[in-house]
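# sequence and predicted structure are below.
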Amino acid sequence: MAAKITRRRFIKYSIATGSALGVGIGGSLILSKNDPVPFTPAAPPSQRISGSKAPRVIFISIDSLDPRYLYLNSRGQAGGRDGDWLMPRVRDFLKSGVWFEHARCHMPAITDPNHLNALAGTSSAQTGLNSVSLQFFDWKEDGTANIVSPSLSFARDDQGRPVDTIFSAWKRKWPRSRTFFSSGKEWVARMFDVPGAGVDIIMGGSRYPGYIDPPPKGYRFYDPPGNIDPENFSASRDQKTFSRVVYENNPTHFPPDMWLVNSTLKMLGRELPDFGVVLLAQMDDLQHGLGAAWDPSEFNSRMIKGQGPTLVSRINPTMVFQEAVLDGVRDVDCHFGRLVDGIRSMPNYRDAILVLYSDHGHLTHRSKETIQDIFMRSAFGRYDRDTDTNLVDILARAGVIQGDELNYRGFCPITGSSAGSVFFRGPDLDYRLKKAKLAQDALLRHRVKNPITGGWECPWDVLTMNEMEKGLPGVSEPGELYHRYFAGNNQQGALHCPDLVLFAKNNWQLPAVMGLLTNVGVKIPGFIASRMAPWKALIGGHGSADTQKILMAIEWPGEAKGKVVSDPDFKANYRLADLAVTLADILGLELRSSTIGQNRSPEIKRI
């Protein structure tokens, strides 16, 4: 069981990390002797130095922050109070602005499309983007999928126009103004690395100015520097292995929030951009590898040898230590606080508008496979059919895919975690629609055994273009997943819409196939991928309707402070796309492509 965090210990932790004192601009911060990136920026200017008269606006995203974390106390238990919250710095921010307490992202509840939605006022139905880091585009001549990185260069609205964003609208009004996108997921920022996107500075783990130090290796999300409870900390082998292999040894792809905050503040002090985005990715990274912990009822106390009573997930036995996740969440909150303190410490940004959002929520998956599991299945076909969500095998056994389709020619599933898309190649759209209907029928007939209840259940919702257009109650709104401009496309050289969309239910996990692990942006080499069985790699994930809850708030100096706009029944339908539309209205910007967001400026006005 996690040790109790006393006020004295919390203050000690806060001082060590700078979260309570706002250590930032003008000071030196060293989190621990193992921290190779101390924060030592130059002193900020004493007055605003800029070539434009634009206002200052900064979007801050805590990727994958489920707002239910905000209702936990410092020990991860339900309920809290001032001085004893799990995420006190985020809650402090909410007290200084307007919090849309019950807001949702758009489906699919995944990263890349929703960051674009926040900046363009859209859903995937107005952009065509529907995947993470690896986007199906069209078919190659040999029948294999043409998979590309998401980019504004091919995104189009429902009328075929280039997708417009706050960045490009900003540049049209203030052409001399400098803009930036600083991202712990560099591929998201690179989405805007195209002519006309309006982003001047793109910064990530492998791309940053020469005055920025590289991100450090070995940063353990489950045991960060300044860990509040190091003497009682532990993690399971699966949690440690995933963190070490995917994150700790790959900081250029998964830089810790500590580095991104340090680097962003240094960049702001030198470059003085007026508008930009800071994407803190660590919250998403750590939950994929460690599990989600916003639901205390998920955990039971169990005796662990050498550890004593330990909180273990009922849903996934590989998530042995709840405290591993909580330590990571505390670290995210700490560095978010340092970012806000650092921004407000600069004269150039004291009156800046700060927008805070998350792109989706997170949950713990019901099952996870190890490298040994995938080897046994690849070599001998051994796996547990009772918990099988291998859609490739299911479609093959049903005769829906056969021949070259079994080698992913003319058939492309891009799946992982709790969302996925399936594409078929055919001579015309009618062929694809019939094929999709056969696949839908086969997948909806499939049953898996719930290891907790012992009951048999269908592990997913499956939507053809018909359901995407009409909507599916409890899953997606009418048209939310249906892109009218691309829906009928069957040609090379333009984006294709999915023939099927899948969303896992009840914490089940869709396997990654073809060696593509889209949720963490990793592509396994083709030689290995072609021989690799579908793999359920993650402890935690997102994408389905039960990961739609997000954080959405705006701190607008001089306007409403501490205002909570509560919508528990979702009747007002606060959505992520509202941010771009609201900002565009208040700042007098014009978004020239289709939007679905609503203008929420009346809720931001003074109380």
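Received it, and whenever you're ready, just let me know what you need.
# who touches Arg89 in this structure?
When contacts are counted by C-beta atoms under 8 Å, 6 or more residues apart in numbering, Arg89 touches 19, 333-334, 336-337, 340. (C-beta placed from N, C-alpha, C; glycine too.)
# ok, and the most crowded of the residues you listed?
Each of the contacts of Arg89 was scored for neighbours by other C-beta atoms under 10 Å, and Cys334 scores highest at 28 neighbours.
# which helix or which strand is home to that residue?
Under the criterion of DSSP states H and E, Cys334 resides in helix 322-345.
# helices or strands next to that helix in the packing?
Here helix 322-345 touches helix 7-17, strand 57-62, helix 88-95, helix 257-271, strand 275-280, helix 282-290, strand 308-313, going by 3 or more C-beta pairs under 8 Å, 6 or more residues apart in numbering; DSSP states H and E.
# highest mean neighbour count out of these?
Per residue and on average, the most neighbours among those fall to helix 282-290, with a mean of 29 (mean count of other C-beta atoms under 10 Å).
# what values do phi and psi take at the closest residue in space to Pro534 that isn't next to it in sequence?
The spatial neighbour of Pro534 that comes closest, neighbours along the chain excluded (C-beta to C-beta, 6 or more residues apart in numbering), is Pro511 at 3.5 Å. Here is the backbone geometry of Pro511 (degrees, to the nearest 10): phi -80, psi 150.
# which segments of this structure make up each domain?
Using automatic domain parsing, the domain parsing of the chain gives 7-49+63-133+142-147+155-364+547-604, 371-537.
# now those domains in CSV, with mean pLDDT and distance to Pro55?
Output for the domains of the chain, formatted as CSV (pLDDT from 0 to 100; distance: least, C-beta to C-beta, whole Å):
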stretch, mean pLDDT, distance to Pro55
domain 7-49+63-133+142-147+155-364+547-604, 86, 7
domain 371-537, 86, 32
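# deepest-packed of the ones you listed, please.
When those are compared using mean count of other C-beta under 10 Å, domain 7-49+63-133+142-147+155-364+547-604 is most buried, at a mean of 21.
# do you know which of the helices and strands packed on helix 322-345 lies nearest Pro224?
Comparing these by their distance to Pro224 (C-beta to C-beta), the top pick is helix 257-271, with 7.6 Å.
# the closest one to helix 322-345, inter-axis angle?
10 degrees (axes from the mean of the first three to the mean of the last three C-alpha atoms, to 10 degrees).
# so which elements touch helix 257-271?
Using 3+ C-beta pairs under 8 Å, 6+ apart, the elements in contact with helix 257-271 are strand 179-183, strand 201-203, strand 275-280, helix 322-345.
# closest to Lys536 among the contacts of Arg89?
Once C-beta to C-beta is applied, the member of these that ends up nearest Lys536 is Asp333, at 29.5 Å.
# residues contacting the closest one?
The contact partners of Asp333, by C-beta under 8 Å, 6+ apart, come to 19, 86-90.
# thinking again about what came up before, then the helix holding Cys334 to PDB, C-alphas only?
Extracted as PDB, the C-alpha positions of helix 322-345 are listed here (Å, rounded to 0.1, in the frame of the first residue of the first chain):
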ATOM      1  CA  GLN A 322      -0.900   1.700  -8.700                       C
ATOM      2  CA  GLU A 323       1.700   3.800  -7.000                       C
ATOM      3  CA  ALA A 324       3.900   3.600 -10.200                       C
ATOM      4  CA  VAL A 325       1.200   5.500 -12.100                       C
ATOM      5  CA  LEU A 326       0.500   7.900  -9.300                       C
ATOM      6  CA  ASP A 327       4.200   8.900  -9.100                       C
ATOM      7  CA  GLY A 328       4.200   9.600 -12.800                       C
ATOM      8  CA  VAL A 329       1.000  11.700 -12.600                       C
ATOM      9  CA  ARG A 330       2.500  13.800  -9.700                       C
ATOM     10  CA  ASP A 331       5.500  14.400 -11.900                       C
ATOM     11  CA  VAL A 332       3.300  15.600 -14.800                       C
ATOM     12  CA  ASP A 333       1.500  18.000 -12.500                       C
ATOM     13  CA  CYS A 334       4.700  19.300 -11.100                       C
ATOM     14  CA  HIS A 335       6.200  20.200 -14.500                       C
ATOM     15  CA  PHE A 336       2.900  21.700 -15.700                       C
ATOM     16  CA  GLY A 337       3.000  24.000 -12.700                       C
ATOM     17  CA  ARG A 338       6.600  24.900 -13.500                       C
ATOM     18  CA  LEU A 339       5.600  25.700 -17.100                       C
ATOM     19  CA  VAL A 340       2.800  28.000 -16.000                       C
ATOM     20  CA  ASP A 341       4.900  29.700 -13.400                       C
ATOM     21  CA  GLY A 342       7.700  30.200 -15.900                       C
ATOM     22  CA  ILE A 343       5.400  31.700 -18.500                       C
ATOM     23  CA  ARG A 344       3.800  34.100 -15.900                       C
ATOM     24  CA  SER A 345       7.300  35.100 -14.700                       C
END
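# thanks a lot, see you next time.
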